[in-house]
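S.K.: Give me coordinates for this.
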Amino acid sequence: MPISIWVQESNFKLIDNVPPAYPTNADGTDPLPLKIPSLRVFRSPDGVFHLEGIGNPGQPGNQESSSLPSIQQTDTERENNQLKQRMTMMEEAMEVLEHERISLMSTLEHLQEELLTSDRQKDDLLYKFNELRRKVELGK
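M.R.: Next up, the predicted model:
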């Protein structure tokens, strides 16, 4: 059964409901605005649905073809900005991790030095203990 629907001056916001692969903020992704000045949706006798953009008489060419690159450019710019934000956040996180690594390495070196000092003191005390024991045994 053939059907024909005409859409005039429609605005939509497409919201992605799939969680991002690498979440960076709680807000999620921005909605993608979609403006359709005029569109015809129809089903042909063979049952296939078709979309047909309809150009305005006052403007040369088909608006659908001229708005498509604009939508793609806007989408690409938005994605580029999101990637830049993610990169900035990752660089900041990497800088924090580097500072933490340096701090941990400094603490590790300090603890190793203390351990060596304690080990030397233990050896000295053990030597003195053995010397005192030997003197006590000789004095008996």
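S.K.: shaky segments in the chain?
M.R.: Across the chain, the ranges flagged by pLDDT under 70 are 1, 19-29, 55-69, 140.
S.K.: So which residues make contact with the strand or helix carrying Ser10?
M.R.: Per DSSP states H and E: Ser10 is located in strand 3-14. With CB atoms under 8 Å, 6 or more residues apart in numbering as the test, strand 3-14 has contacts from 31-43. Just so you know, the C-beta spots here come from the backbone N, C-alpha and C atoms, and that holds for glycine as well.
S.K.: Put the buried members of those residues into a PyMOL selection.
M.R.: This is how PyMOL selects the buried members of the contacts of strand 3-14, with burial counted by 16 or more other CB atoms under 10 Å:
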select buried, resi 36+37+38+39
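S.K.: so which of the contacts of strand 3-14 would you say is closest to Gly53?
M.R.: Using CB to CB, the shortest approach to Gly53 within the contacts of strand 3-14 belongs to Leu39, at 6.0 Å.
S.K.: how near is the closest residue to that closest one other than its chain neighbours to Gly139?
M.R.: In space, and not counting its chain neighbours, Leu39 is closest to Val7: 4.3 Å by CB to CB, 6 or more residues apart in numbering. According to CB to CB, to the nearest Å, Val7 stands 111 Å off from Gly139.
S.K.: Between the two, which is the more surrounded one?
M.R.: Neighbours per residue (other CB atoms under 10 Å) separate Val7 from Gly139, with Val7 holding more: 13 against 6.
S.K.: All set now, cheers.
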